[in-house]
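> Take a look and give me a structure for this.
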Amino acid sequence: MGLMDNVKAKLGPAKGKVSDLAQRHEGKIHHGLDKAAQAVDKRTKGKYSHRIQSGTGRAKGAMDRLTHHGDTAPDTGGTAAPGAGGATTPPGTGRTAPPRDAGGTPPSEAPPPTS
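Next up, the predicted model:
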């Protein structure tokens, strides 16, 4: 039995308990996430609002998956949202991110080459 099999076997019962607690306290957890996001946004004076909203959305999505709300609608894998104009969703959502150069910058934002 491999290491991952051992880890999964030991953490399996804990996942059920965590899921049950998350279901019972889902409203409080969502409220806490919103409150924390507002506090961080206020401290950073709105400079990182988009990233904070994105992170909060991902955390809420993870909560939904943990409480089994995500079981009813499986990820379609690669389908862009309507009206997205072909844009792709960031990693961690089951979809691919736009290509980036070696410096991590999307090609449309990369500085022109110097000769």
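
> Can you verify my assumption that Asp34 contacts Thr56?
Yes: counting by C-beta atoms under 8 Å, Asp34 touches Thr56, with 6.9 Å between them. C-beta: built from backbone N, CA, C; applies to glycine.

> Who has more neighbours out of these two?
Thr56 (18 against 12; other C-beta atoms under 10 Å).

> List the buried residues in the helix or strand the more buried one falls within.
In the assignment (DSSP states H and E), Thr56 maps to helix 49-66. By 16 or more other C-beta atoms under 10 Å, the buried positions in helix 49-66 come out as 52, 56, 59-60, 63-64, 66.

> Turn the residues you listed into a markdown table, including distance to His30 and pLDDT.
Shown next, in a markdown table, are those (distance: C-beta to C-beta, whole Å; pLDDT from 0 to 100):
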| residue | distance to His30 | pLDDT |
| --- | --- | --- |
| Ile52 | 15 | 94 |
| Thr56 | 9 | 94 |
| Ala59 | 9 | 94 |
| Lys60 | 6 | 92 |
| Met63 | 7 | 89 |
| Asp64 | 9 | 88 |
| Leu66 | 12 | 84 |
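
> Of those residues, just say which sits nearest to Glu26.
Taking C-beta to C-beta as the measure, Glu26 lies nearest Met63 of those, at 6.7 Å.

> top helix in the chain by residue count?
Longest helix in the chain, counting residues (DSSP state H): helix 3-24.

> Identify all contacting residues around that one.
1, 29, 63, 66-68 (C-beta atoms under 8 Å, 6 or more residues apart in numbering).

> by contact count, what packs against the helix or strand following that helix?
The C-terminal neighbour of helix 3-24 among helices and strands, as given by DSSP H and E, is helix 26-43. In terms of contacts (3 or more C-beta pairs under 8 Å, 6 or more residues apart in numbering; DSSP states H and E), helix 26-43 is packed against helix 49-66.

> Please consider this matter closed, and thank you.
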